[in-house]
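Visitor: The following comprises the amino acid sequence and a computationally predicted model.
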Amino acid sequence: MVKYIIIGMIIGGMLGWALELTYLTGIITGAVAGLIIYLMYAKWSHERIDKTTESGKQKMLLREEQLDITKERVQTGEVKVRKEVVEEQKTFTVPIKREEMVIEAGDEEAYRIPLKEEEVQITKSPVKVNEVSVSKREVEEIEQVKGMVKKETVEMEISGDADVKEKGKHL
């Protein structure tokens with residue numbers, strides 16, 4: 001790892017000098033680039049044959065990919081809730097009373113009789129007729145996700161008169 005960082009520092013210093021940047025900026029950038037290159041190389045170039053044991057056996061590493069599943073909250077929609085005033089014509093039937101004058105023939109005296117009637121008055125006042133509750137709730141569902149993964153398996157190609165045994169079985 002150190003040799004990648006040192007090589008990166010040297011190359012970065014020369015590029016910093018060539019591009020007329022500060023020498024320190026080139027060295028730091030080169031060191032970071034060297035570290036990144038080392039990490040990428042280390043991840044992808046593991047030796048397949050790890051080591052030889054005392055008995056002369058060699059071990060082969062088999063690898064497989066694993067799926068990393070993460071969740072992210074994303075907005076899927078929006079709901080706007082508002083009140084709207086709607087006018088409508090309402091018709092009511094209201095009985096009203098009124099007085100009528102009744103004059104019967106007879107004496108010739110004049111009578112003054114005030115006549116009255118009921119008059120309908122309309123006033124408006126707001127009253128609560130309903131209450132609407134607005135809230136959110138979280139619903140948990142189960143979703144199946146699929147993804148392709150690669151894995152290493154052992155394949156043997158036998159040629160000649162090779163005696164191969166696998167876990168105590170003779171092939």
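Guide: Looks like it came in fine. Numbering: from 1, shown residues only.
Visitor: What is the least confident helix or strand in this protein?
Guide: The helix or strand of the chain with the poorest confidence is strand 169-170; it has a mean of 48 (mean pLDDT, DSSP states H and E).
Visitor: In terms of secondary structure, what does the longest helix along the chain contact?
Guide: Longest helix of the chain, by residue count under DSSP state H: helix 23-44. With contacts defined as 3 or more Cβ pairs under 8 Å, 6 or more residues apart in numbering; DSSP states H and E, the packing partners of helix 23-44 are helix 2-18. The way it works is simple: take the backbone N, C-alpha and C, and place the C-beta from them, glycine included.
Visitor: which of the residues in the helix it packs on are buried?
Guide: With burial defined by 16 or more other Cβ atoms under 10 Å, the residues of helix 2-18 counted as buried are 4-5, 7-9, 11-13, 15-16.
Visitor: And those, which two are furthest apart?
Guide: Farthest pair in the buried residues of helix 2-18 (Cβ to Cβ) is Tyr4 and Gly16. Separation: 17.9 Å.
Visitor: Tally up the residues packed near Tyr38, please.
Guide: 17 (other Cβ atoms under 10 Å).
Visitor: can you tell me which helix or strand Glu104 belongs to?
Guide: Under DSSP states H and E, no helix or strand contains Glu104.
Visitor: Next, name the residue at the spatial heart of this structure.
Guide: The centre of the chain sits closest to Arg73, judged by Cα atoms, centre = their mean, with a distance of 1.9 Å.
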